[in-house]
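Engineer: fold the stuff below for me.
(chains A, B, C and D)
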There are 4 protein chains.
Amino acid sequence: MKLGKILKQIGEEMASREERGRVAGYIPELAAIDPHQFGMAVALADGRVLSVGDADEPFSIQSVSKVFTLALALGRYGNQLWRRVGREPSGRSFNSILQLEQENGIPRNPFINAGAIVVTDAILAGSTPREALATLMTFIRTATDDDTIYINDEVARSERETGHRNYSLAHYLRSCDNLLHQPDWTLGTYFHQCAVEMSCRQLARAGRFLINSSGMPQMISSMRVRRINALMMTCGHYDGSGDFAYRVGLPGKSGVGGGILVIVPGRASIAVWSPGLNNLGNSKLGTEAVEMLAQRTHWSVFG
Amino acid sequence: MKLGKILKQIGEEMASREERGRVAGYIPELAAIDPHQFGMAVALADGRVLSVGDADEPFSIQSVSKVFTLALALGRYGNQLWRRVGREPSGRSFNSILQLEQENGIPRNPFINAGAIVVTDAILAGSTPREALATLMTFIRTATDDDTIYINDEVARSERETGHRNYSLAHYLRSCDNLLHQPDWTLGTYFHQCAVEMSCRQLARAGRFLINSSGMPQMISSMRVRRINALMMTCGHYDGSGDFAYRVGLPGKSGVGGGILVIVPGRASIAVWSPGLNNLGNSKLGTEAVEMLAQRTHWSVFG
Amino acid sequence: MKLGKILKQIGEEMASREERGRVAGYIPELAAIDPHQFGMAVALADGRVLSVGDADEPFSIQSVSKVFTLALALGRYGNQLWRRVGREPSGRSFNSILQLEQENGIPRNPFINAGAIVVTDAILAGSTPREALATLMTFIRTATDDDTIYINDEVARSERETGHRNYSLAHYLRSCDNLLHQPDWTLGTYFHQCAVEMSCRQLARAGRFLINSSGMPQMISSMRVRRINALMMTCGHYDGSGDFAYRVGLPGKSGVGGGILVIVPGRASIAVWSPGLNNLGNSKLGTEAVEMLAQRTHWSVFG
Amino acid sequence: MKLGKILKQIGEEMASREERGRVAGYIPELAAIDPHQFGMAVALADGRVLSVGDADEPFSIQSVSKVFTLALALGRYGNQLWRRVGREPSGRSFNSILQLEQENGIPRNPFINAGAIVVTDAILAGSTPREALATLMTFIRTATDDDTIYINDEVARSERETGHRNYSLAHYLRSCDNLLHQPDWTLGTYFHQCAVEMSCRQLARAGRFLINSSGMPQMISSMRVRRINALMMTCGHYDGSGDFAYRVGLPGKSGVGGGILVIVPGRASIAVWSPGLNNLGNSKLGTEAVEMLAQRTHWSVFG
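Structural biologist: Numbers count the residues shown, from 1 in each chain, chains lettered A, B, ... in the order given. Take a look at the predicted model:
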């Protein structure tokens, strides 16, 4: 079956679903989102972008942004970054602080909140938050080839007021000497980075640099592309990473806004969005849609 | 560069290494192994098998056997198996019991010891240990196309006498009603399964059913092949799985005997063996050799 | 009010209680006990023993026995015992194995199961189980001045068949080299020690050596009496020890058979029994009755 | 031997000690304290106060202040306080955050930092920090009968700048809805409460309300006195509480400034101070001195 037809089918199936998960409640701006939305876009290695549903609706990418800051930080620090953060799945939820204590302030990987805060702290070195965010936006806009992508200040401000768990993580990191800046400084940047808004079409295009195929934007070396994909596979869905690898077979990174970026190495970059989350904090319909797509296209890195 | 030449180079580099890790000490039979051995074999999808070093020397495959019992158990129970064992990386060492308590007797995945004991317990249902082991040996011999593969009874008996950590796990599982048989019955089978001996050439051939390529032995469905590869990627190296995925980029399963089975979907099955272990319990030179091979062949599932 | 009258009141109040907790279900012999029983006895420093209710009914003392084995082991090893077991509250349930892993096989205190198994293992050194149990029974019978106290072999045998959690603990200890004997050997003794049966009158008398008052049986030094009382205060009720100290203000040791031994230093030894347990595994009515007694007699070590 | 002579002996022994522990390093003001100081004072139920060494030197009472805020909070909320904080030993260090996650934001007891922050948050309800601190100082000054006791603002300010671990705890509590005020508001009060300075003589006098003897200041009911003493016994020395109970046999509360308040119910209130800490964060010489005093006076609640 053709990809376009597969996407159309998936869009129809998703539209009819009644169980749509629960929209993230802890950020007022996200809690108000209508859960009946679903969009999906596929950017192929040949340059085409196919989509279905609400694929042009911008949404808060939240933790999907961690992929871009990791790419920036690896570009700047290389393997030295791994002195401050690990590369292992955490076996805990995204905002767990327990392991920080057990492992002396070294977060398990760059995709759980504690690890992502360290990565943001790293790219802040020598810059103001404004400069660091400008560098990040330049990276994302270049990858997407779209200058209209923006940060939603309302969402960032809102999270700054309610993000006590993240403040707790940042102060803990600081108390272990694994935060170079004052918690407020690093978290201000972190909350803005999470508040980037993109549509599925934009996000799918932004992910093309991870396809590792000629003709695609080359933002980082092939080696680093492979390594970021590896981290997305083992750690991209928090304590649901094993299940995602089992069911979908592709590296992906989810965000609490309901978006997921999925990479088919050599072939495609997929973005899916539906605001309702499953009990692990990943988009419920998004995960199901990607699983269907992978099965019907036979896209899997595992054979 | 040709694959044969790459293997030869790797063999030479490994021969000159002084830091070879530490041979597993807790089983007397394994503790006596000479650490200066190294072998590697690659079974290609076109039927060729290339090798270097001590690739014909039989070694105790230990936990690599968990891949074969998992294939058997999935064939028999399908998704029902996941009621008794999870699919998530553990973030703990291979013999941790801590999570069993936190998660009420459901092991995190089928590759840590607790999970593998449950899988063995599952394939024992309705059989004697002798019958279950015969089924396993038939599976392995068929996959390898080699009837000479055997179980080393000495190793199994030795582990039975000293394997207190595994007895602890099994009794704990039983106390949570997640073991159908008496611990001694299930563990007797488990210790024998771990005591299978194979050479690198044999193990590489045995892994061909996970390549998912026409012409290769088809022991299980393509879907299951992908899923077992996914589990090997996220959980195959215990608390070093993230690091292995990052450095090597291929699904693999290690054993405390110093062997590792690695799959290159669509292309090859690799077996490597060197008895010295790193601090996570995986073969030190084996891991390094596979990383070199992956880099020089550009084999990676991640692009 | 006179003590006799207080006891009578408490007996009446307990008889009318409908909420009596749940009888321990994991040992068949204990599960069959009628929960409508309640007994209490107080052995005073002046030699009198007062009682109420089913105070002459023998019951399985279970973990209360740990006080007597600890007294024996301290007598034999002194402070050397603390190389194998700690003296801190565990903050976990009685049969937790989690901390054994975190703390490398050194149980937190001698009153949780893991610690008590180590203590039993210590008193077994150089003896057969039969001899060690004979020494224990001599100690208990001498303390009580009653030669009729016995071990219920049925209960011991039953626990041997179903005590998988304890087997798990013992094998774990052995794997950490903190068990001198084979698990089966130590646990056989441990299960028999727990299966001692005594009535409240007997148990109250057996506890008199912990009153530390002239005229009372002197089985161990005053210093050791104080130290055992201290351990009963901080660790005697598992993860309910803080609550018991807060509400009752006296050192005590509970058993899953529904018995509790409580010491009023300088004044009295109290035994209470009611088979129904609260959610922490301590006798529900027993705890409430001791709290009443302490309040009405103003017995408290805390002022 | 007379108490005065015992104190003199202890003072001499402590003066000659070379191993004095390590002064707390994380607050600059405390780090600068000369470790060669030692003082001890005993306030007896008959009104006398005996002392030795640097017993008139003021020091930062730090966590000893938690006893006074707990008394205030229990007076105001009674048992309702226990909805927000537990009464069990923690089995972890004073500033652990791990259990907060495992137990959903309910600190284990009011003496670990997380619990004490909740208690301070409770006494802040309906007051400004200034008013709450005034109430606390009135309580302490009345108990001591000394209006000269003060808060060292420098220490409080210093801790405010460096207390990232406490900020982490407070934000975590807030994210679990167990903090009524903004972290900065509650912590500002908490840091000031910890910065109260008292000499041993003052602190021993301040503790007299916990002796529960006629003629002593009666600040709270006898029942509450017993309960606070019980909490000091089971939780007053963090993960060294069991050891302190075992060695000393008296309820006590230590502070990171090197002070310890110890109660001998019905007899005396003891304050000891020496700035060097042992590896659990309790005064090294202070603990040893109290152990000597308890042994030589035969003061013990345990017989």
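Engineer: what's the closest non-adjacent residue to A:C194?
Structural biologist: A:Q62 (4.8 Å; CB to CB, 6 or more residues apart in numbering or on different chains). Using the backbone N, CA and C atoms, a C-beta is placed for each residue, glycine as well.
Engineer: distance-wise, check the one you found relative to D:D145.
Structural biologist: 59 Å (CB to CB, to the nearest Å).
Engineer: do A:N79 as well
Structural biologist: Counting by CB to CB, the gap from A:N79 to D:D145 is 64 Å.
Engineer: and if you look at A:G188?
Structural biologist: Taking CB to CB as the measure, A:G188 falls 50 Å from D:D145.
Engineer: these two: which is more packed in?
Structural biologist: Neighbour comparison, A:G188 and D:D145: the larger count goes to A:G188, with 20 against 11 (by other CB atoms under 10 Å in any protein chain shown).
Engineer: can you verify the more buried one is assigned to a helix?
Structural biologist: Yes: checked against DSSP: H, G, I helix; E, B strand; the rest coil, A:G188 lies within a helix.
Engineer: find the closest residue to chain C in chain A.
Structural biologist: Residue nearest to chain C within chain A: A:Q102 (8.8 Å; CB to the nearest CB).
Engineer: show me the helices in the stretch 1-150 of chain A, by range?
Structural biologist: A:3-15, A:28-31, A:65-77, A:98-102, A:113-123, A:129-144 (DSSP state H, counting those that start in this stretch).
Engineer: mind putting the ones you listed in a markdown table, mean pLDDT and mean neighbour count included?
Structural biologist: Output for the helices of the stretch 1-150 of chain A, formatted as a markdown table (pLDDT from 0 to 100; neighbours: other CB atoms under 10 Å in any protein chain shown):
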| stretch | mean pLDDT | mean neighbour count |
| --- | --- | --- |
| helix A:3-15 | 97 | 16 |
| helix A:28-31 | 86 | 16 |
| helix A:65-77 | 97 | 23 |
| helix A:98-102 | 85 | 19 |
| helix A:113-123 | 97 | 26 |
| helix A:129-144 | 98 | 18 |
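Engineer: wait, which of those helices is closest to chain D?
Structural biologist: Using CB to the nearest CB, the helices of the stretch 1-150 of chain A put helix A:98-102 closest to chain D, at 4.6 Å.
Engineer: now do the contacts for A:E29.
Structural biologist: A:S60, A:N152, A:E154, A:V155, A:S158 (CB atoms under 8 Å, 6 or more residues apart in numbering or on different chains).
Engineer: show me which residues of chain A are close to chain B?
Structural biologist: A:86-92, A:99, A:108-109, A:210-213, A:222, A:225-227, A:229-231, A:233-235, A:239-243, A:245-246, A:249, A:251, A:263, A:265-266, A:300-303 (CB under 8 Å from any CB of the partner chain).
Engineer: can you tell me the centre-most residue of chain A?
Structural biologist: Closest residue to the average C-alpha location of chain A: A:V64 at 1.4 Å, with CA atoms, centre = their mean.
Engineer: state the distance from the residue nearest to that one when sequence neighbours are not counted to D:R165.
Structural biologist: Closest residue in space to A:V64, ignoring its immediate chain neighbours: A:G255 at 4.2 Å, by CB to CB, 6+ apart. Distance of A:G255 to D:R165, given as CB to CB: 29 Å.
Engineer: got the contact list for the residue nearest to A:C194?
Structural biologist: A:Q62 neighbours (CB under 8 Å, 6+ apart): A:C194, A:A195, A:G255, A:V256, A:G257, A:G259.
Engineer: picking that back up, what about burial for the residues of chain A next to chain B, which qualify?
Structural biologist: Among the residues of chain A next to chain B, those buried by neighbour count (16 or more other CB atoms under 10 Å in any protein chain shown) are A:86-92, A:99, A:108-109, A:210-213, A:225-227, A:229-231, A:233-235, A:239-243, A:245-246, A:249, A:251, A:263, A:265-266, A:300-303.
Engineer: which residues sit against stretch A:43-51?
Structural biologist: A:3-4, A:7, A:39-42, A:200-201, A:204-205, A:207-208, A:211, A:213, A:215-216, A:266-271.
Engineer: just the buried residues from those, in ChimeraX please.
Structural biologist: Here is the ChimeraX command that picks out the buried ones among those, judged by 16+ other CB under 10 Å:
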select /A:3,7,39,40,41,42,200,201,204,205,207,208,211,213,216,266,267,268,269,270,271
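Engineer: OK, contacts around the residue of the stretch 101-250 of chain A found nearest chain B?
Structural biologist: Minimum separation of the stretch 101-250 of chain A from chain B (CB to the nearest CB) falls at A:N212, amounting to 3.0 Å. Taking CB under 8 Å, 6+ apart as the criterion, A:N212 is in contact with A:S222, A:V225, A:R226, A:N229, A:P265, A:G266, B:F302, B:G303.
Engineer: and the residue nearest to A:C194, what's its pLDDT?
Structural biologist: Note on A:Q62: pLDDT of 97.
Engineer: again with A:G25
Structural biologist: 82.
Engineer: identify the residues contacting the closest residue to it other than its chain neighbours.
Structural biologist: Using CB to CB, 6+ apart and skipping the chain neighbours, the partner closest in space to A:G25 is A:A31 (4.8 Å). By CB under 8 Å, 6+ apart, the residues touching A:A31 are A:V23, A:A24, A:G25.
Engineer: just send these back as a markdown table, with neighbour count too.
Structural biologist: As requested, the contacts of A:A31 are exported to a markdown table (neighbours: other CB atoms under 10 Å in any protein chain shown):
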| residue | neighbour count |
| --- | --- |
| A:V23 | 19 |
| A:A24 | 20 |
| A:G25 | 9 |
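Engineer: on that earlier part again, out of the helices of the stretch 1-150 of chain A, nearest to C:P275?
Structural biologist: C:P275 sits nearest to helix A:98-102 of all the helices of the stretch 1-150 of chain A, at 37.3 Å, using CB to CB.
Engineer: ok, and does that closest one reach over to chain D?
Structural biologist: Yes: residues of helix A:98-102 contacting chain D under CB under 8 Å from any CB: A:L98, A:L100, A:E101, A:Q102.
Engineer: report all helices and strands that that helix contacts.
Structural biologist: With contacts taken as 3 or more CB pairs under 8 Å, 6 or more residues apart in numbering or on different chains; DSSP states H and E, helix A:98-102 sits against helix A:164-175, helix D:98-102.
Engineer: same thing but at 7 Å, please
Structural biologist: helix D:98-102 (3 or more CB pairs under 7 Å, 6 or more residues apart in numbering or on different chains; DSSP states H and E).
Engineer: domains in chain A, by residue range?
Structural biologist: Using automatic domain parsing, the domain parsing of chain A gives A:3-62+A:198-297, A:63-196.
Engineer: nearest to D:H181, of those?
Structural biologist: Set against D:H181 and scored by CB to CB, the domains of chain A come closest in domain A:63-196, at 12.1 Å.
Engineer: off-centre distance for that closest one?
Structural biologist: Relative to the centre of its chain, domain A:63-196 is centred 12 Å away, using CA atoms, centre = their mean, to the nearest Å.
Engineer: now do it: distance from first to last residue.
Structural biologist: 10 Å (CA to CA, to the nearest Å).
Engineer: what do you get for stretch A:140-150?
Structural biologist: Between the opening and closing residues of stretch A:140-150 there is a gap of 10 Å (CA to CA).
Engineer: now stretch A:250-258
Structural biologist: First residue to last in stretch A:250-258 (CA to CA) measures 18 Å.
Engineer: repeat for stretch A:212-224
Structural biologist: Across stretch A:212-224, first to last residue, CA to CA, it's 10 Å.
Engineer: who touches stretch A:290-299?
Structural biologist: A:1, A:3, A:6, A:10, A:247-250, A:252, A:260, A:262, A:264, A:267, A:270, A:272, A:300 (CB atoms under 7 Å, 6 or more residues apart in numbering or on different chains).
Engineer: which of the residues you listed fall in helices?
Structural biologist: Residues of the contacts of stretch A:290-299 located in helices (DSSP state H): A:L3, A:I6, A:I10, A:R247.
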